[in-house]
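Novice: sequence below, structure please.
(2 chains)
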Amino acid sequence: MTADRDLDTQVRRWLEEPPPSLPDRDAVFVRVRDRLPDTPQRRRRWPWPFDGHLARTVARRAGTTGMTDRGRFTHMFTATRALIATAILALSGGVLLSFVSSERDAGVPPGASGAALDEAWLNALNEPPANVDDIAAEAFTEDATFTLVWRADDIEVLEGRDAIATKFKDIMRASRSEPLLELPAVDGEQRFVGVYDFQWGASATWPGTVCGAWARDEQVYRLDCLFPEMRYDGQRVDS
Amino acid sequence: MDAEVVIRAQQGDRGAFTCIADEILDRFLAVAHRILRDGALAEDATQAALLDIWRDLPRLRDPERFGAWSTRILVNACYSEARRARRWLPNLPLDAAPEPVAADDFGPLLDRDELERGFRAVPVDQRTVIVLHHYLGMPLATVAQTLGVPEGTVRSRLHRGMSIIRRTLASSQQRRLSAAGQEASR
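Specialist: Residues are numbered from 1 along each chain as shown, chains lettered A, B, ... in the order given. As a prediction, the model looks like this:
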């Protein structure tokens, strides 16, 4: 114990000593000041169901699944599908947030919903997606700075796309009812990622997988959905 | 930090942000340098952090939380710089884990180089906790809040980080003793 305290004191003293080579304060200040005019601020995008990125993403995904008169649906349905997808994803995101809010007492903002969710519905979310690897690859770019913190039995920090993709796969194929990952966002907000299977209406011919990331304040951080290309016979185009 | 200045910067006032940057720059450089142990990396991390702060400032809901929020951005920038540096710099092998030594085997005054060496052997996330706690004097609860992790995680990072320093110091002390023993036996 004494040795611990000694070491703490030594480390504290050592940290307080000025480093031998000091960083160039003025150079940093000038560089930051000069780059401000070219650095746009990110503003809140609200209301999020009409968020441009979301709309573009959904439209892009829906667009790739449009079938032509040579065996695929035309793009006539794209706008409708995009709208429905947006509505479903918005609802799912909201419900997921409510689920998380109800799971966590600490840090729940005033007014956050803590409504209990239907067990069957949650179990449905835990069905393993068909193409988790694709989703992870699609949802997270090569940006090596991207980090996920998985909170389950222990805290696990995942760095990089491969680690995140592996975790996605493991979690989504696990039976536990916690299909969420928490993102340590730089702005201090809590953000969550969920991946789950998705079926288009009553028909099983248009399944897809949705990967969404939501912030506590319902701001969409990232939302991607994959609709595999399908033929009329219900087979995937790439299969 | 004056909340009014933060609000003005949130609204896009570059002059207000320049004042903020001027005010926090020294502290940022000091913290980044202590985490990264390299002046150039500290400069890069600080610059990246300040630009990230400017970029994301409109999303900060409570200007009163600017301090913790900006520190977290700085820490993330340090993590990024450390990863980038690790990619380009040779990965120097650490000493094999030494045998445990008696608690009072440390001398009263540790050599700075040994401390530096021990600290460099600590992973960046654990170094960060050590710096925030021992250098900035933050209580562990505040460190946890700043980093956005549970307090238990902060405690274990601190414990693991300090253990690595302790082991590294013990190892070099053992090496020194055995070298001295060999010298004496000649």
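
Novice: just for chain A, where's the confidence low?
Specialist: Applying pLDDT under 70 to chain A flags residues A:1-4, A:43-239.

Novice: could you rerun that using 90?
Specialist: A:1-10, A:13-25, A:37-239 (pLDDT under 90).

Novice: okay, domains of it per the record?
Specialist: Domain segmentation of chain A under automatic domain parsing yields A:2-38, A:52-226.

Novice: is any residue of the first one near chain B?
Specialist: Translated: domain A:2-38. Yes: applying C-beta under 8 Å from any C-beta of the partner chain, one finds domain A:2-38 touching chain B at A:2-4, A:6-8, A:10-12, A:14-17, A:19, A:21-25, A:27-29, A:31-33, A:35-37. Every residue, glycine included, has its C-beta placed from N, CA and C.

Novice: tell me the buried residues within those.
Specialist: Neighbour counting by 16 or more other C-beta atoms under 10 Å in any protein chain shown classes A:6-7, A:10-11, A:14-15, A:19, A:23, A:25, A:28-29, A:31-32, A:36 among these as buried.

Novice: would you turn those into JSON lines with distance to residue B:79 and secondary structure?
Specialist: JSON lines is the format used below for these (distance: C-beta to C-beta, whole Å; DSSP: H, G, I helix; E, B strand; the rest coil):
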{"residue": "A:6", "distance to residue B:79": "30", "secondary structure": "helix"}
{"residue": "A:7", "distance to residue B:79": "25", "secondary structure": "helix"}
{"residue": "A:10", "distance to residue B:79": "26", "secondary structure": "helix"}
{"residue": "A:11", "distance to residue B:79": "21", "secondary structure": "helix"}
{"residue": "A:14", "distance to residue B:79": "22", "secondary structure": "helix"}
{"residue": "A:15", "distance to residue B:79": "19", "secondary structure": "helix"}
{"residue": "A:19", "distance to residue B:79": "20", "secondary structure": "coil"}
{"residue": "A:23", "distance to residue B:79": "18", "secondary structure": "coil"}
{"residue": "A:25", "distance to residue B:79": "22", "secondary structure": "helix"}
{"residue": "A:28", "distance to residue B:79": "18", "secondary structure": "helix"}
{"residue": "A:29", "distance to residue B:79": "23", "secondary structure": "helix"}
{"residue": "A:31", "distance to residue B:79": "21", "secondary structure": "helix"}
{"residue": "A:32", "distance to residue B:79": "19", "secondary structure": "helix"}
{"residue": "A:36", "distance to residue B:79": "24", "secondary structure": "helix"}
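
Novice: now the helices for chain B?
Specialist: For chain B, the helices defined by DSSP state H occupy B:3-10, B:14-36, B:39-56, B:66-88, B:112-120, B:124-130, B:140-147, B:151-185.
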